[in-house]
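# Make a model of this:
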Amino acid sequence: MRSKRDITYKKILSLFRNQNGSPFFNAKGLAIGVFSGCFPFFGFQTLIGVFFAKLAKGNIVLAAIGTWISNPFTYIPLYYFNYKVGSIFLNNSPNKIIEKNLVIEELWKQGSIFSLRLLLGSFCVGFLLALIAGSIVLFIYKIKNKR
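Down below sits the predicted model:
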């Protein structure tokens, strides 16, 4: 049985560094994982990331690692930021989420507006973070291959 001492950050980084494939293959996998991790589909982000990495012929291990951008420590700030970004793109006030005097029909409407803001913001933030993460990983793997 492994102890906590056996799992170090060096071993985790070696898992990241020792991936086979071209730099573009690895960067594409991680970028897809980061993009998938920005969406609020709890429990399914890794499955979605691996599926799209397989579909796009990217590294599925790095796609699974990339979905760790959202974890219990980053859920609230990440999704709050995604909601704010979605509100900006829809030209809505992000502070007005739910009014006090709602009837049932209005509650469904407010829920769909909230979901639309969150998903649009998740798409925009995920796309930007995927570009950044993919570019950094592409650069790192190119340097590694030159050595």
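
# Tell me how many other residues crowd the closest residue to residue 69 other than its chain neighbours.
Leaving out its chain neighbours, the residue that sits closest to residue 69 by C-beta to C-beta, 6 or more residues apart in numbering is residue 37, at 4.1 Å. Every residue, glycine included, has its C-beta placed from N, CA and C. Counted by other C-beta atoms under 10 Å, the residues lying close to residue 37 total 28.

# For residue 37, give me phi and psi.
phi -70, psi -20 (degrees, to the nearest 10).

# Roughly how far does it sit from residue 119?
14 Å (C-beta to C-beta, to the nearest Å).

# Grab the most central residue of the protein for me.
residue 37 (2.4 Å; C-alpha atoms, centre = their mean).

# Looks like the residue nearest to residue 69 contacts residue 68 (just checking).
Yes. Judged on C-beta atoms under 8 Å, residue 37 makes contact with residue 68 at a distance of 6.7 Å.

# which helix in this protein runs the most residues?
helix 104-146 (DSSP state H).

# other SSEs contacting that one?
Contacts defined by 3 or more C-beta pairs under 8 Å, 6 or more residues apart in numbering; DSSP states H and E place helix 104-146 against helix 23-37, helix 75-89.

# List the buried residues of the last one.
When you say that, I think you mean helix 75-89. 78-79, 82-83, 85-87 (16 or more other C-beta atoms under 10 Å).

# Over to stretch 26-43?
Under the neighbour-count criterion of 16+ other C-beta under 10 Å, stretch 26-43 has 26-41 buried.

# And residue 75, how close does it get to residue 19?
27 Å.

# now swap in residue 62 and tell me
Residue 62 is 6 Å from residue 19, by C-beta to C-beta.

# what about those two, which has more around it?
When neighbours are counted by other C-beta under 10 Å, residue 62 and residue 19 differ, and residue 62 comes out ahead with 27 against 16.

# taking the mean pLDDT, what do you get for the strand or helix carrying that one?
If you go by DSSP states H and E, residue 62 is part of helix 60-66. The predicted model assigns helix 60-66 a mean pLDDT of 90.

# in this structure, what spans have low per-residue confidence?
1-9, 12-13, 16-17, 92-108, 147 (pLDDT under 70).
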